[in-house]
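> what's the 3D shape of this:
(one chain, ligands or ions: 2)
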Amino acid sequence: MLRKQAVFVMAPVSLTRMAWMRTILLILIASALQAANFSGSAALDYTRRAVGFGPRPPGSEANRQLQAYIEGELKQRGCQMSEDAFTAQTPKGAIPMKNILCKFPGTTGRAIVLTGHFDTKLFPAPRKFVGASDGGSSTGLLLEMARALQGEKRTDDVYLVFFDGEEAIREQWEGEDNLYGSRHLAEKWRADGTLRKIKALINVDMIGDAHLNIKKETNGSAAINGVVWKAASDLGYKAYFLDQVLDTDDDHMPFVKLGVPAIDLIDFDYPPWHQDTDTMDKISGQSLDIVGTVVQESIHRLERQ
Ligand code: 1BN
Ligand code: ZN
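Numbering: from 1, shown residues only. Ligands and ions are numbered 1, 2, ... in the order given. A predicted model of the protein is given here:
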């Protein structure tokens, strides 16, 4: 009774205020629903699924099964999916390869591209190389990023690209026997004009290491590295994005060579690199969470540039 009376007396003012509060609350709920934060544990689950297919060198049945899995997941994300299929001439003959692309369209005519590879390095039996960090972690991060970006309001186009054929087919990393997928897409995008639209390309590789440390790759764009390192620092992740440098070849390089502002986020300080011990127990959801969160924040910042 008392309550009712109070409501009645205050009605003209408090109803207006309540209406405002309700509107603000609805806006907050709607934006929370729209912007899904990257989840490291979900990325870890995706990585475990990818690694579960076993060794996944280009042209293998497991590689094809993983492609089907990636595409099945992306179909639920409402992005524009496409394939870049080709036959690579390798030291072991012609091998069919396929990059998988997922585009979240924006309105500016500019594009931000996040890439990583899903193939694993071929090692002859009896070795069993499953690449938990090297091939698995990039796949898991990209799949979770597709979920996190779904429903976000875009200004720039955001492409997620899953590269095949990153690894050398021969034992040694030499000449043109590597980066088959990224070289193919860079050339395709040079020819069709997409390359000119790219504001930034971020490649992730081997980012699952439980002892995460990422150095600045010196061939990459200093400006894009600056955006990512600043985002990492602002988010409190300075300890994982070191003020040290590293020089490495990777899937960003075909784009760097064509003038695209591109970088490589790689934790190359990883003892199980190209060993059969690169297994799920060496990687952590927290590392995937840190890199995924920093990359998602960097995408938002790049969109505002
Ligand atoms: C990264 C993961 N890479 C291969 N698997 C590229 C690379 C090759 C990096 C040789 C350094 C040396
Ligand atoms: Zn490798």
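> Using the three-state scheme, assign residue 141.
Per DSSP: H, G, I helix; E, B strand; the rest coil, the secondary structure class of residue 141 is helix.
> just residue 289 next, same as before
Strictly by three-state DSSP, residue 289 counts as helix.
> Next: residue 95.
strand.
> do residue 48 as well
helix.
> which non-adjacent residue is nearest the closest residue to ligand 2 within the stretch 201-305 of the chain?
Among the residues of the stretch 201-305 of the chain, residue 274 lies closest to ligand 2, at 5.6 Å counting by C-beta to the ion. Where C-beta positions appear, they are placed from N, C-alpha and C, glycine not excepted. In space, residue 274 comes closest to residue 121 once its chain neighbours are excluded; the distance is 5.9 Å by C-beta to C-beta, 6 or more residues apart in numbering.
> Now do the contacts for the residue of the chain found nearest ligand 1.
As assessed by C-beta to the nearest ligand atom, ligand 1 sits closest to residue 173 within the chain, at 4.1 Å. With contact set as C-beta atoms under 8 Å, 6 or more residues apart in numbering, residue 173 has these partners: residue 249.
> What does it show for phi and psi?
Per-residue torsions, residue 173: phi -90, psi 100 (degrees, to the nearest 10).
> and it, how far is that from ligand 2?
Look at residue 173 and ligand 2: by C-beta to the ion, to the nearest Å, they are 8 Å apart.
> Give me the pLDDT for that residue.
As predicted, residue 173 sits at a pLDDT of 98.
> Specify the local secondary structure of the residue of the stretch 1-150 of the chain found nearest ligand 2.
Closest to ligand 2 within the stretch 1-150 of the chain is residue 134: 4.1 Å, counting by C-beta to the ion. Counting by three-state DSSP, the backbone at residue 134 sits in helix.
> Make sure residue 197 is actually in contact with residue 112.
No - Residue 197 lies out of contact with residue 112 (C-beta atoms under 8 Å); the separation is 9.7 Å.
> residues shared between the contacts of the two?
Contact criterion C-beta under 8 Å, 6+ apart; residues shared by residue 197 and residue 112: residue 157.
> quick one: which of the two has more around it?
Set residue 197 next to residue 112 and count neighbours by other C-beta atoms under 10 Å: residue 112 wins out with 25 against 17.
> wait, what's in contact with that one?
Counting by C-beta under 8 Å, 6+ apart, residue 112 touches 156-159, 198-202, 299, 302-303.
> since we're on the residue nearest to residue 206 when sequence neighbours are not counted, how many residues are nearby?
The shortest distance from residue 206 to any non-neighbouring residue, by C-beta to C-beta, 6+ apart, is to residue 133 (4.7 Å). If you count neighbours by other C-beta under 10 Å, residue 133 ends up with 29.
> One more: residue 48?
Residues lying near residue 48 (other C-beta under 10 Å) number 15.
> Quick check: it touching residue 280?
Yes - at 5.9 Å, residue 48 and residue 280 qualify as touching, with contact defined as C-beta under 8 Å.
> For the two, list the residues in contact with both.
Contact criterion C-beta under 8 Å, 6+ apart; residues shared by residue 48 and residue 280: residue 136.
> Do I have it right that residue 121 meets residue 127?
No - when contacts are counted by C-beta under 8 Å, residue 121 is not listed as touching residue 127 (9.9 Å).
> The two: who's more crowded?
Shown here are residue 121 and residue 127; by other C-beta under 10 Å, residue 121 has more neighbours (22 against 11).
> Which residues are in contact with the more buried one?
57, 129, 131, 134-135, 167-168, 274.
> separation between it and residue 276?
According to C-beta to C-beta, to the nearest Å, residue 121 and residue 276 sit 11 Å apart.
> what touches both of those two?
Common neighbours of residue 121 and residue 276, using C-beta under 8 Å, 6+ apart, are residue 129.
> packing partners for the helix or strand containing residue 70?
Following DSSP states H and E, one finds residue 70 within helix 61-74. For helix 61-74, the packing partners by 3 or more C-beta pairs under 8 Å, 6 or more residues apart in numbering; DSSP states H and E come out as helix 40-51, strand 93-104, helix 138-149.
> and the protein, which of its residues are near ligand 1?
134, 167, 173, 205-206, 248-250 (C-beta under 6 Å from any ligand atom).
> Give me the mean pLDDT for the helix or strand containing residue 191.
Applying DSSP H and E as the criterion places residue 191 in helix 180-192. Across helix 180-192, pLDDT averages out at 98.
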